[in-house]
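Asker: here is a sequence together with a model predicted from it:
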Amino acid sequence: MTIAYYLVLAAILFTIGAVGVLVRRNAIVVFMCVELMLNAVNLTLITFARSTGTVDGQIIALFVMVVAAAEVVIGLAIIMSIYRTRRSASVDDANLLKY
Amino acid sequence: MDTVPADGLLSASWLLIALPLAGAAVLLLGGRRTDRWGHLLGTGTVVAAFVLALACTLQLDERQVAVDLFTFIDSGSLDVRAGLLFDPLSAVFVLLITGVGALIHVYSIGYMAHDPRRRRFFAYLNLFVAAMLLLVLGDNYVALYVGWEGVGLASYLLIAFWHERPAAATAAKKAFIMNRVGDVGLALAIFVMFAQLGTVTYEGVFGSVGLLAGGTVTAIGLLLLLGACGKSGQFPLQAWLPDAMEGPTPVSALIHAATMVTAGVYLIARSAPIYDLTETARTVVLAVGAVTLLIGAIAGCAYDDIKKVLAYSTVSQIGYMFLAVGLGPVGYAAAIAHLLAHGFFKAGLFLGAGSVMHAMDDQVDMRRFGGLARKLPVTFVTFGLGYLALIGFPFLSGYWTKDAIIEAALDHGGAWGWVLGGVAVLGAGLTAFYMTRLMLMTFFGRARWAPSAPGRPTPHPHESPSVMTSPMVVLAIGSVAAGFLLVQAFPLDEWLTPVFGEPEEAEHVVAPALVGIVVTAVMALGVLAAWLFVGRREVPAVAPERVSVVTRAARKALYADTINESLFMRPGQWLTRALVWVDNRGVDGAVNGMAAALGGSSSRLGRTQTGFVRTYALGMLGGAVLVAGALLAVTAG
């Protein structure tokens, strides 16, 4: 097996995620794109862990999943409260914090 | 100079200073509680000091007594002991200060009776007496300097006593600042003494001053003279003294006529061993005295303000004293004798002027007086005796003491002697002129009384209460008798022998009898001129505008203020303005500019905080790509 396929797949996933964060306005979608980027990184970590035969990458991937789970809990709660006050889930509408 | 340690009553001579100082402290710290009896306490301390001074002087017995008190400053090689020197010279000064001071305190009880701040006035007067006594009693130049600054402070406080009047506040500041100019000279002289001789006591300085180079001695002499000129209102620092008349009249009598302004004469007389070594400094003293004598006399002829005429007369008479001390050993005793006699008659004249002002609703313009002789008989007689003493009427005080100075000036010898003698004789004539003018305008002629301000009633002159007239009577007796007592009965030059050495018998260039006749004749001419110009005619209520150039110059006091303003004040103001401009534009500009630049750039940077999350995300992505690219470039390269 060559790791190139896995790495290319991870890169594609990451790029889709990054582009999604930059171009989409809906906060939920942006959030899902962030998850996509995290999982692309996880894929890279697992790939290198398998190819070198060590478990370090797998451990870090587990950590990333835990952090991502916590992040989803807090992030969704923030999006919910913003939606309740502003009746909108668009990230461009939440622009009060500026100069 | 051989001093002996103090014994008996003399070892308590520090009480002379402590008594008035304690009076001042009680009155200043006691506040309103002391209002009712404050003036009595203030007078009491000075009277007690006078009695003590009298007792000390009787015990003195032609010795020089040192009273060692405590270490004042002990720093490295500078060791200043607080000690007093009670010798014949300081004794006569102490008697003058406490004696005239006590009389003026009594007078002030009446003069300031209606002033709500009378207690404070007496506190300042006591402070002045204490500082003045320290000045003449200290046995070193630092103690003298402390007293010197103390009288300057008291003078400032008292000139500005009615500080709600802008003229008084300005006059006080002017006096203070011009005194500072002189004080710098005195301070520098003390620095030079310490640097060159390592000591500041009279004994130490006079003992070793002969070892110094001639130039250094001359520098010390000239610096001391600068200090003396500032304090005594001598050319070129004479302009503050007439303005100081804005203070209450007892202050003018005590501080600006009888005692403080003569401190310069004391300083030079006390420093006689220094001046004996430097002919140059002594010649400058002579010149200052002669110039001031004429300036004061000329300005005195033109003023209409009774107190300013007396003030210029003081300037002129102190010029006589400077002239005398500048003559050297022959003149010291004559200067001190004239100083004491002047203390009596000028204090009496000022108290008389105060009495006149009291009667005339505090007006000072002599053009609004006239015909007061009948209304104020006691004031007229006492003022008249002081007047006769001042112009040198035969056998009154001024005759003896001024003649002694004129004789000494003529005996100086050569062309210089004739010039000095001529100036002194001319000054005597001018003195007679302006004082006669003052007498005629105030006490004789038609009454020209007018309200002091629109809406005020025309004054109804009345004699002052006896608490004011009795000191005037005592001073008038002193004016009559002091000269004879000091020159003929108990010659002052013999009393002062322990200080100045044996009086020299000078060779007379002109016979003393002839000098007396000439001076009296010139005096009579001055009186006659005043009668012709002032007494014979109606005095106009407003000073005439069309007058000669000389009169115009005299009215401006020979443009002393103009010269000071254009030479020092204006350039000073320009310098200040330039500095303010540099400060505003340069220093503030740099600081403000930096702050503005930081503020501007931060507000411009703030624009990047758009509030759009996706912009930030792009920024983070771009940054991460940049970092990753840089890392790749580094590791690959």
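Answerer: Alright, I've got the coordinates.
Asker: count residues in the vicinity of residue B:192, would you?
Answerer: 17 (other C-beta atoms under 10 Å in any protein chain shown). The C-beta positions use only the backbone N, C-alpha and C, and glycine is treated the same way.
Asker: is it within a helix or a strand, and which one?
Answerer: Assigned by DSSP states H and E, residue B:192 belongs to helix B:166-197.
Asker: who are the packing partners of that helix?
Answerer: helix B:141-159, helix B:202-208, helix B:214-232, helix B:240-243 (3 or more C-beta pairs under 8 Å, 6 or more residues apart in numbering or on different chains; DSSP states H and E).
Asker: of these, flag the one that's most buried.
Answerer: Across these, the average number of neighbours (mean count of other C-beta atoms under 10 Å in any protein chain shown) peaks for helix B:240-243, which reaches a mean of 26.
Asker: isn't residue A:92 up against residue B:610?
Answerer: No - in this structure, residue A:92 is not within contact of residue B:610 by C-beta atoms under 8 Å, at 10.1 Å.
Asker: just put the helices and strands packed on helix B:166-197 in JSON lines and tack on distance to chain A and mean pLDDT.
Answerer: Listed next are the helices and strands packed on helix B:166-197 as JSON lines, based on distance: least, C-beta to the nearest C-beta, whole Å; pLDDT from 0 to 100:
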{"stretch": "helix B:141-159", "distance to chain A": "59", "mean pLDDT": "92"}
{"stretch": "helix B:202-208", "distance to chain A": "75", "mean pLDDT": "88"}
{"stretch": "helix B:214-232", "distance to chain A": "64", "mean pLDDT": "91"}
{"stretch": "helix B:240-243", "distance to chain A": "63", "mean pLDDT": "88"}
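Asker: mind putting these into JSON lines with distance to residue B:634?
Answerer: Converted to JSON lines, the helices and strands packed on helix B:166-197 look like this (distance: least, C-beta to C-beta, whole Å):
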{"stretch": "helix B:141-159", "distance to residue B:634": "75"}
{"stretch": "helix B:202-208", "distance to residue B:634": "81"}
{"stretch": "helix B:214-232", "distance to residue B:634": "76"}
{"stretch": "helix B:240-243", "distance to residue B:634": "81"}
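Asker: between those, which one is nearest to residue B:564?
Answerer: For residue B:564, the closest of the helices and strands packed on helix B:166-197 is helix B:240-243, at 9.6 Å, according to C-beta to C-beta.
Asker: now for the closest one, which elements pack on it?
Answerer: Looks like helix B:240-243 contacts helix B:166-197, helix B:306-326 (3+ C-beta pairs under 8 Å, 6+ apart).
Asker: chain B contacts on chain A?
Answerer: Proximity of chain A to chain B, by C-beta under 8 Å from any C-beta of the partner chain, involves residues A:18, A:21-23, A:25, A:30, A:91-92, A:94-99.
Asker: filter the residues you listed down to the ones in helices?
Answerer: A:18, A:21, A:22, A:23, A:30 (DSSP state H).
Asker: okay, now the third one: neighbour count?
Answerer: Other residues near residue A:22 come to 14 when the count uses other C-beta under 10 Å.
Asker: got it, and the second one?
Answerer: By the other C-beta under 10 Å criterion, the neighbourhood of residue A:21 contains 23 residues.
Asker: ok, for it, nearest residue in space, not its chain neighbours?
Answerer: residue A:33 (4.8 Å; C-beta to C-beta, 6 or more residues apart in numbering or on different chains).
Asker: quick check: which element contains residue 71?
Answerer: No chain in the question, so chain A it is. Using DSSP H and E, residue A:71 sits within helix A:56-86.
Asker: the intended chain is chain B.
Answerer: strand B:65-75.
Asker: can you tell me which residues contact residue B:497?
Answerer: Shown in contact with residue B:497 (C-beta atoms under 8 Å, 6 or more residues apart in numbering or on different chains): B:62, B:88, B:503.
Asker: pick the one among those closest to chain A.
Answerer: Closest approach to chain A among the contacts of residue B:497 (C-beta to the nearest C-beta): residue B:88, at 87.2 Å.
Asker: ok, that closest one - how many residues close by?
Answerer: 22.
Asker: ditto for the one 5 residues further on
Answerer: Residue B:93 is surrounded by 27 other residues when neighbours are defined as other C-beta under 10 Å.
Asker: contact partners for the residue in chain B positioned nearest to chain A?
Answerer: Per C-beta to the nearest C-beta, residue B:611 is where chain B lies closest to chain A, at 3.2 Å. Neighbour list for residue B:611: A:94, A:95, A:96, A:97, A:98 [criterion: C-beta under 8 Å, 6+ apart].
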